[in-house]
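Trainee: Have a look at this prediction, sequence included:
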Amino acid sequence: MNIKKLLFAFALTIFLISCKKETSNSNTTNSTNSITCIDNPNINFTSIGTPIGKFSDCIKDVDGNVYKTVTIGSQTWMAENLKTSKYNDGTSIPNVKDNNQWLDLNSGAWAYYNNDSVNNVKYGKLYNWYAVSKTTNGNKNVCPTGWHVPSYSEYSVLIDFLGGDKVAGEKMKEVLNTSWKYLNSDATNTSLFTGLPCGNGGGEGFFKFGIRGYFWSSTESTSSSAEFLILDCENNKAYKADDSKYGGLSIRCVKD
């Protein structure tokens, strides 16, 4: 092979490697936890009507769980419930299975609904508020890097954008009764938030699976209670409640 052919072959090899690298990175961002999106077949992201939300890059947590995300108005939310068993610095969060132990906790913990790991695939984990609060969890973040547990005022921004608390729920709930036990016939999921009825857990057992979705906020009400969002199969509301910090509720993270 003469010198010209050798130089041409070398240049062609460099060009092909460069193209391959550019193609492999075309669906990612510079964020270390942002990855190419793959649909989760266990969740129905369908909307009935023209979507208000727009899917964004997927992200992954420190455990390697992958989440679809959606931009709704000025905010970007996880479109799936949190599944991590660790804070984003890699510190483990204890899995507490005994309901009575939840009553005595003042530190972070999680559980599967009914202590059944099958529920993790679609519905994620239930966390007490102590896993949310940086005051009680050692200034750690349960959400992926670049994301955080929303304050209730951040939920209010979402709810207001979707028309207010009396109607926002219909635009936030998964459609077609694939998870919700009954009614829910007005759900459109046009926000693509895809809210799921994961129920709650904690010291008093497990309740309301298939009927309600409960989502922690970072907002404290009293020394023993905190605020959260409720979605209900029986109405179109998205509304605020507050209850004991030891309760096991779902978490949706919002982008910083």
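Mentor: Looks like it arrived, so ask away.
Trainee: Low-confidence regions, the chain specifically.
Mentor: For the chain, the stretches with pLDDT under 70 are 1-34.
Trainee: Now do the helices in it.
Mentor: Under the criterion DSSP state H, the chain carries helices at the ranges 3-24, 99-104, 118-123, 152-161, 168-172.
Trainee: Centre of the chain to the last one, how far?
Mentor: Right, helix 168-172. Counting by C-alpha atoms, centre = their mean, to the nearest Å, helix 168-172 is centred 16 Å from the centre of its parent chain.
Trainee: Buried residues, it. List them.
Mentor: Across helix 168-172, burial judged by 16 or more other C-beta atoms under 10 Å covers Ala168, Gly169, Glu170, Lys171, Met172. All C-beta spots, glycine's among them, are computed from the backbone N, C-alpha and C.
Trainee: ok, how many other residues are close to Ala109?
Mentor: 21 (other C-beta atoms under 10 Å).
Trainee: wait, doesn't it sit right on Ile93?
Mentor: Yes. Assessed by C-beta atoms under 8 Å, Ala109 is found in contact with Ile93 at 6.6 Å.
Trainee: list the residues that contact both of those two?
Mentor: Common neighbours of Ala109 and Ile93 are listed as Tyr127, Ala131 (criterion: C-beta atoms under 8 Å, 6 or more residues apart in numbering).
Trainee: how close does Gly138 sit to Tyr87?
Mentor: As for Gly138, its distance to Tyr87 is 8 Å (criterion: C-beta to C-beta, to the nearest Å).
Trainee: out of those two, which sits in the busier spot?
Mentor: Using other C-beta under 10 Å as the criterion, Gly138 and Tyr87 rank with Tyr87 on top: 21 against 11.
Trainee: Contacts only, for the closest residue to that one other than its chain neighbours.
Mentor: Leaving out its chain neighbours, the residue that sits closest to Tyr87 by C-beta to C-beta, 6 or more residues apart in numbering is Lys140, at 3.9 Å. Listed by C-beta under 8 Å, 6+ apart, the contact set of Lys140 reads Tyr87, Asn88, Asp89, Thr91, Gly108, Lys134.
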